[in-house]
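Student: only geometry, no sequence info:
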């Protein structure tokens, strides 16, 4: 899309052909246009054989790594598309935005970001061979910033890209992005996974997308919706956001992709039903820190601390407790009195992010969940029924 949301990222391959220049040790004689005087005798000069040049070994033009990337691009790029959206402006249909996407399945579905097709009245998909075809919106989800559109026909030989495995990702792993930055179709950039497990804001700005992948592969406006690939050509994320570090819109080396774990959770629902639902606990909070542990004299130093219990949510119905007062510790104001979740359904909770990931990926609305909490210094179990995320949350009410 021409405007990547700002977060709350390949080497260009130059082929150097080394052509050694040999200094040949042979004299070139140019005849002079003049007459030799009769008194001068002609002297015969022996002709020396030309020197034998030393053997020359040219470096390989393409290394094994480059060959891998060239092959990966040749296989993957046909499945990556340019998405252009249009909307009525001043009485005529005007271009609204531009982004990327990729062929998701054999039912002509294209996966992309929800913000790429937001407010679109017409959607147009361009394939790498120049084929342009209209597309219709099948489904979108603001909480994951994902969408599915469908085209009438896909060019011959174009295959869906396969999805990778979140458990196989590691910081430092080489990744590539293919997309259409600034409308430049079929651009490949290379980088590494800079970090895993980032939380980035969703389109509603009320919830977080967990497990986001941070990368230094160059992604810019127009890369939105395009795939982040491992070296096997599998999609491990959809490029979605960049950190500009200022008011500019260009990449500064920090980009974020919606992780493949979320893709696997959401895209099948969007393709089959047009929407998806998210389980909801109904709390606001954060991870434990030493100051909070000291202030509340807690018997644990890791867990998810509940600052606020949202009115009408599952946590309130289960009588979970949020912070009830503010105290000063080491010259810091600390909200104390809330429950600390240390496990959910028997799975350890070391941070608030653990709760987000578990509820997002392992549960569904209406499911029963058992929380183990620390309250008043003691451990106890609380059972509740998870709700469905509301479209809007009430304004936070802190002590």
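Tutor: Yep, that arrived. Bear in mind the structure is a predicted one, so any value in this text is a computation, not a measurement.
Student: Show me the chain divided up by domain.
Tutor: In the domain annotation for the chain, the residue ranges read 74-151, 166-273, 279-388 (automatic domain parsing).
Student: model confidence over the shortest one, on average?
Tutor: To tie it back to what came earlier, the one meant is domain 74-151. Throughout domain 74-151, pLDDT has a mean value of 96.
Student: For it, measure first residue to last.
Tutor: 22 Å (CA to CA, to the nearest Å).
Student: ditto for stretch 332-348
Tutor: Stretch 332-348 has an end-to-end distance of 29 Å (CA to CA).
Student: Okay, buried residues for it please.
Tutor: Going by neighbour count (16 or more other CB atoms under 10 Å), the buried part of stretch 332-348 is 334-344. Backbone N, C-alpha and C define where each C-beta goes, glycine included.
Student: Now do that stretch: everything it contacts.
Tutor: Contacts of stretch 332-348 with the rest of the structure, by CB atoms under 8 Å, 6 or more residues apart in numbering, involve 285, 288, 291-292, 295-296, 298, 300, 302-307, 320-328, 349, 354-355, 358-359, 362, 369-375, 379, 398-399.
Student: List buried residues within the residues you listed.
Tutor: When burial is judged by neighbour count using 16+ other CB under 10 Å, the buried members of the contacts of stretch 332-348 are 285, 288, 292, 295-296, 298, 303-307, 320-323, 349, 354-355, 358-359, 369, 371-374.
Student: Need the nearest residue in space to residue 264, chain neighbours excluded.
Tutor: The spatially closest residue to residue 264, leaving aside those adjacent along the chain, is residue 163, at 6.1 Å (CB to CB, 6 or more residues apart in numbering).
Student: contacting residues around that neighbour?
Tutor: Counting by CB under 8 Å, 6+ apart, residue 163 touches 234-236, 260, 263-264.
Student: Pipe the residues you listed into JSON lines and attach pLDDT, distance to residue 153 and neighbour count per row.
Tutor: What follows is the contacts of residue 163, written out as JSON lines (pLDDT from 0 to 100; distance: CB to CB, whole Å; neighbours: other CB atoms under 10 Å):
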{"residue": "234", "pLDDT": "97", "distance to residue 153": "25", "neighbour count": "17"}
{"residue": "235", "pLDDT": "98", "distance to residue 153": "22", "neighbour count": "23"}
{"residue": "236", "pLDDT": "98", "distance to residue 153": "28", "neighbour count": "25"}
{"residue": "260", "pLDDT": "98", "distance to residue 153": "27", "neighbour count": "26"}
{"residue": "263", "pLDDT": "98", "distance to residue 153": "24", "neighbour count": "23"}
{"residue": "264", "pLDDT": "98", "distance to residue 153": "27", "neighbour count": "14"}
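Student: Inside helices: which ones of those residues?
Tutor: With DSSP state H as the criterion, helices contain 260, 263-264 from among these.
Student: and which of these is nearest residue 222?
Tutor: Nearest to residue 222 out of the ones in helices among the contacts of residue 163 is residue 263 (CB to CB; 20.1 Å).
Student: My guess is that closest one contacts residue 237. True?
Tutor: Yes: the pair residue 263 and residue 237 passes the contact test of CB atoms under 8 Å, sitting 7.4 Å apart.
Student: Tell me the bridge partners for residue 80.
Tutor: For residue 80, the residues forming beta bridges with it (DSSP bridges) are residue 102.
Student: For it, give me its contacts.
Tutor: With the criterion set at CB under 8 Å, 6+ apart, residue 80 makes contact with 100-102, 128, 161, 178-179, 186, 226-227.
Student: again, only this time at 6 Å
Tutor: Contacts were defined as CB atoms under 6 Å, 6 or more residues apart in numbering; by that measure residue 80 touches 102, 178, 226.
Student: could the residues you listed be laid out in TSV, adding distance to residue 139?
Tutor: Output for the contacts of residue 80, formatted as TSV (distance: CB to CB, whole Å):
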residue	distance to residue 139
102	16
178	23
226	19
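Student: okay, and for the stretch 201-350 of the chain, where does confidence drop off?
Tutor: Judged by pLDDT under 70, the stretch 201-350 of the chain has its weakly predicted residues at 244-252.
Student: circling back to that earlier point, inside strands: which ones of the contacts of stretch 332-348?
Tutor: In strands, defined here by DSSP state E, the members of the contacts of stretch 332-348 are 285, 304-307, 325-328, 369-375, 379.
Student: From residue 313, how far off is the nearest residue to residue 254 once chain neighbours are set aside?
Tutor: Taking CB to CB, 6+ apart, and ignoring the residues beside it in sequence, residue 254 has residue 243 as its nearest neighbour in space, at 3.9 Å. With distances taken as CB to CB, to the nearest Å, residue 243 is found 31 Å from residue 313.
Student: which one of the two has more residues nearby?
Tutor: residue 313 (21 against 17; other CB atoms under 10 Å).
Student: Pop out the phi and psi values for the more buried one.
Tutor: Note on residue 313: backbone dihedrals following degrees, to the nearest 10 are phi -90, psi 170.
Student: and what of residue 158?
Tutor: In terms of degrees, to the nearest 10, the main-chain angles of residue 158 are phi -90, psi 120.
Student: again, but for residue 161
Tutor: In this entry, residue 161 is assigned phi and psi values of phi -80, psi 140 (degrees, to the nearest 10).
Student: One more: residue 118?
Tutor: For residue 118, the backbone dihedrals (degrees, to the nearest 10) come out as phi -60, psi 130.
Student: Neighbour-wise, which one of the contacts of residue 80 leads?
Tutor: With neighbours set by other CB under 10 Å, the maximum within the contacts of residue 80 is found at residue 226, which has 32 neighbours.
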